[in-house]
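>>> Got a predicted structure here, sequence first:
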Amino acid sequence: MGTRFELLLACESETRALAAAEAALAVIEDCDGRYSRFRRDSLVSRINRAGATDWVRVDPETFELLELCAQWNAETEGAFDVCVGATMDRLRAGPVLANDLSPIPGAGFVLHRESRSVRLNASSVALDLGAVAKGHALDLAASALRELGIESALLHGGTSSVITLGAPPGSERAWSVDLGIGFGGAEATLLRRAL
């Protein structure tokens, strides 16, 4: 997904913690293999290459994620849009004019529930799941940790996505995360989140 993922686990057994961390990272790697635009072999890249001319079958989890993206696109009147791949490419290429960044109206893709397939509305549409993929991967990784008995952990992907389990060692309350320079060095307290 073009970013770095890190896990901080609190566990009395180093062996158990390492095994759990490896399992969680395998879940994240699986998500990267499906959702990264930066991998030519990913499912999203395959959709972007073929989706304007053919229906592309996807796994149940990806289909559900795309359904959520379409729902959020409708609920936000287009403010949330995962069909920004072409726009992101133009931004990465260098300076662009504001009128070069016009969004494509609607969800930009169509889903067919019975065949669990997706099709892009136009050849100019490219999926970029950067707005949801890291958080989704962290949710799945946290679930894997919980299933393996890890009750205290902090997971983050890049600088935008964080999830916690329980509280850090020595605290019963919450994890604290520095929000960085752009936020005036503010600190956020992440309350316990049950999965």
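Now that the structure is in, tell me what you want to look at.
>>> buried residues in the longest helix along the chain?
Determined from DSSP state H, the single longest helix within the chain is helix 14-35. Across helix 14-35, burial judged by 16 or more other C-beta atoms under 10 Å covers 17, 20-21, 24-25, 27-28, 31-32, 34-35. In this view, the C-beta of every residue, glycine as well, is placed from N, C-alpha and C.
>>> from the chain's centre, how far out does it sit?
15 Å (C-alpha atoms, centre = their mean, to the nearest Å).
>>> so which strand or helix has Asn48?
Assessed by DSSP states H and E, Asn48 sits inside helix 43-50.
>>> gap between that helix and the chain center?
Counting by C-alpha atoms, centre = their mean, helix 43-50 comes out at 17 Å from the chain centroid.
>>> Helices along this structure, start to end?
Using DSSP H, helices in the chain cover 14-35, 43-50, 60-75, 85-93, 133-147.
>>> And those, which one averages the lowest pLDDT?
Lowest mean pLDDT within the helices of the chain: helix 85-93, a mean of 67.
>>> The closest residue to Asp54 other than its chain neighbours: what's it in contact with?
Leaving out its chain neighbours, the residue that sits closest to Asp54 by C-beta to C-beta, 6 or more residues apart in numbering is Arg119, at 7.2 Å. Arg119 makes contacts with 51-52, 54-56, 109-110, 112, as judged by C-beta atoms under 8 Å, 6 or more residues apart in numbering.
>>> Show me what the longest helix of the chain is in contact with.
With C-beta under 8 Å, 6+ apart, helix 14-35 has contacts from 1, 5, 7, 9, 11, 39, 41-44, 59, 62, 65, 129, 133, 136-138, 140-142, 144-145, 148-150, 155, 157.
>>> Taking those, please make a ChimeraX selection of just the buried ones.
To isolate in ChimeraX the members of the contacts of helix 14-35 that are buried, counting by 16+ other C-beta under 10 Å, one can use:
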select :1,5,7,9,11,42,43,44,62,65,129,133,136,137,138,140,141,142,144,145,148,150,155,157
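>>> State the distance from Leu18 to Gly149.
Remark: distance between Leu18 and Gly149 (C-beta to C-beta, to the nearest Å) = 13 Å.
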